[in-house]
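Visitor: sequence first, then the predicted structure:
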Amino acid sequence: MSGDPYQTTRGQRDRSIGNPDGMGDAAKYRPEGAAKAAPGGPFLIGEAITGGYGKGADILHRCTIAVEKGEIAVIVGPNGAGKSTAMKAVFGMLDLREGAVRLDGADITALSPQARVRAGMGFVPQVANIFTSMSVEENLEMGAFIREDDYRDTMEQVFDLFPILREKRRQAAGELSGGQRQQVAVGRALMTQPKVLMLDEPTAGVSPIVMDELFDRIIEVARTGISILMVEQNARQALEIADKGYVLVQGRNAHTGTGKALLADDDVRRSFLGG
Ligand SMILES: Nc1ncnc2c1ncn2[C@@H]1O[C@H](COP(=O)(O)OP(=O)(O)O)[C@@H](O)[C@H]1O
Ligand SMILES: [Mg+2]
């Protein structure tokens with residue numbers, strides 16, 4: 001990826017997927033009379049989170065991850081650092097020992113993942129993120145499970161974002177290429193018109209060209225006002241498109257900064273970006 005993607009015309013093609021106000025309504029989970037977050041506070045934040053799986057040892061240690069409205073935040077770090085665990089914690093799939101998750105000023109720490117979807121969060125997990133035996137179209141329909149209104153326009157918007165999926169709409173998702181499956185997974189999450197889209201390694205196992213293309217589409221989604229919180233193995237390329245970057249090591253925040261600052265940081269380069 002060359003230069004600063006925000007100064008090119010990339011991502012300008014289609015804003016129609018956008019629903020910055022979302023269908024989710026975090027406000028209704030805000031306790032009566034509770035103050036909204038200070039203006040400029042992060043749109044989504046997992047703050048000082050400590051927790052692990054079941055009765056096991058803590059994996060995350062006062063870990064903080066946040067993303068602003070319409071921005072791209074990227075989490076990088078070695079294998080086993082707790083990146084996926086941090087995503088699960090923010091999405092409500094982990095019991096926290098300490099810390100809180102807030103969305104648009106509302107404390108959502110106690111909400112189930114389903115309730116978080118209703119509040120405006122979309123999540124594409126690292127594994128098992130599509131139904132392989134179902135068609136592309138059926139996968140998108142499954143994504144719309146919480147919607148009682150007409151979601152056909154949203155499906156058209158997903159097809160505009162990923163035209164190949166329109167062509168293959170009747171094909172079993174399991175027959176698609178790796179990159180196309182990831183498009184199905186992202187499209188499925190977009191079907192609820194989320195305000196925040198969480199992606200765990202969306203470019204795993206795809207070629208550099210397909211990765212670049214997928215990043216372009218992710219930038220496009222962010223331009224519509226949707227916040228992106230993404231874990232990436234392709235750290236350098238991901239930090240290039242990141243407004244904010246988090247380097248996690250052993251469940252702790254090791255480095256935090258703008259994508260640009262992290263890319264320029266000697267320590268980060270040497271330890272995590274291969275020099
Ligand atoms: N479902 C699970 N149950 C118990 N331990 C897990 C589970 N998933 C991950 N872990 C452990 O949590 C740690 C962090 O894993 P993970 O969050 O998947 O790291 P990353 O995504 O950064 O590679 C690892 O030690 C891993 O073995
Ligand atoms: Mg992971």
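Guide: Perfect, thanks for sending it. Bear in mind the structure is a predicted one, so any value in this text is a computation, not a measurement. Ligands and ions are numbered 1, 2, ... in the order given.
Visitor: so what's residue 50 up against?
Guide: Residues counted as contacts of residue 50 (CB atoms under 8 Å, 6 or more residues apart in numbering) are 58, 60, 61, 62, 63, 96, 97, 98, 99. The way it works is simple: take the backbone N, C-alpha and C, and place the C-beta from them, glycine included.
Visitor: distance to ligand 2, pLDDT and secondary structure added to the residues you listed, as TSV?
Guide: Formatted as TSV, the contacts of residue 50 follow (distance: CB to the ion, whole Å; pLDDT from 0 to 100; DSSP: H, G, I helix; E, B strand; the rest coil):
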residue	distance to ligand 2	pLDDT	secondary structure
58	17	97	strand
60	13	98	strand
61	17	98	strand
62	20	98	strand
63	14	98	strand
96	18	96	strand
97	21	96	strand
98	22	97	strand
99	19	98	strand
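Visitor: can I have the buried ones of these as a ChimeraX selection?
Guide: Only the buried entries of those go into this ChimeraX selection, using 16 or more other CB atoms under 10 Å:
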select :58,60,61,63,96,99
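Visitor: out of the contacts of residue 50, the closest to ligand 1 would be?
Guide: residue 60 (8.4 Å; CB to the nearest ligand atom).
Visitor: nearest to residue 212 among the contacts of residue 50?
Guide: residue 63 (29.3 Å; CB to CB).
Visitor: which of the contacts of residue 50 lies closest to residue 71?
Guide: Nearest to residue 71 among the contacts of residue 50: residue 63, at 19.0 Å, using CB to CB.
Visitor: now that closest one: how far from residue 185?
Guide: Distance, residue 63 to residue 185, using CB to CB, to the nearest Å: 25 Å.
Visitor: how about residue 171?
Guide: 15 Å.
Visitor: give me the more crowded residue out of the two.
Guide: Set residue 171 next to residue 185 and count neighbours by other CB atoms under 10 Å: residue 185 wins out with 22 against 14.
Visitor: residue 142 touches residue 131, doesn't it?
Guide: Yes - at 6.3 Å, residue 142 and residue 131 qualify as touching, with contact defined as CB atoms under 8 Å.
Visitor: these two: which has the busier surroundings?
Guide: residue 131 (16 against 13).
Visitor: so the more buried one, which state does it fall into?
Guide: Judged by DSSP: H, G, I helix; E, B strand; the rest coil, the three-state class of residue 131 is coil.
Visitor: contacts only, for it.
Guide: 138, 139, 142, 173.
Visitor: need the next SSE after whichever strand or helix holds residue 73, C-terminal direction.
Guide: Element membership for residue 73, per DSSP states H and E: strand 72-76. Sequence-wise, the next helix or strand downstream of strand 72-76 (DSSP H and E) is helix 83-91.
Visitor: near ligand 1, which residues of this structure?
Guide: Counting by CB under 6 Å from any ligand atom, the chain comes close to ligand 1 at 53, 56, 59, 77, 79, 80, 81, 82, 83, 84, 85.
Visitor: what about the strands in the stretch 51-200 of the chain?
Guide: 58-67, 72-76, 96-103, 106-107, 121-124, 196-200 (DSSP state E, counting those that start in this stretch).
Visitor: mean neighbour count, those: which tops it?
Guide: Highest mean neighbour count among those (mean count of other CB atoms under 10 Å): strand 72-76, with a mean of 27.
Visitor: beta-bridge partners for the residue nearest the centre of the chain, please?
Guide: Nearest residue to the geometric centre of the chain (CA atoms, centre = their mean): residue 198, 1.8 Å. Beta bridges link residue 198 to residue 123, residue 229 when assigned by DSSP bridges.
Visitor: list the contacts of it.
Guide: Going by CB under 8 Å, 6+ apart, the list of residues near residue 198 reads 87, 90, 91, 121, 122, 123, 124, 189, 228, 229, 230.
Visitor: would JSON lines of these with pLDDT and distance to ligand 2 be doable?
Guide: Listed next are the contacts of residue 198 as JSON lines, based on pLDDT from 0 to 100; distance: CB to the ion, whole Å:
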{"residue": "87", "pLDDT": "98", "distance to ligand 2": "8"}
{"residue": "90", "pLDDT": "98", "distance to ligand 2": "13"}
{"residue": "91", "pLDDT": "98", "distance to ligand 2": "13"}
{"residue": "121", "pLDDT": "97", "distance to ligand 2": "18"}
{"residue": "122", "pLDDT": "97", "distance to ligand 2": "18"}
{"residue": "123", "pLDDT": "97", "distance to ligand 2": "13"}
{"residue": "124", "pLDDT": "96", "distance to ligand 2": "12"}
{"residue": "189", "pLDDT": "97", "distance to ligand 2": "17"}
{"residue": "228", "pLDDT": "98", "distance to ligand 2": "17"}
{"residue": "229", "pLDDT": "98", "distance to ligand 2": "13"}
{"residue": "230", "pLDDT": "98", "distance to ligand 2": "12"}
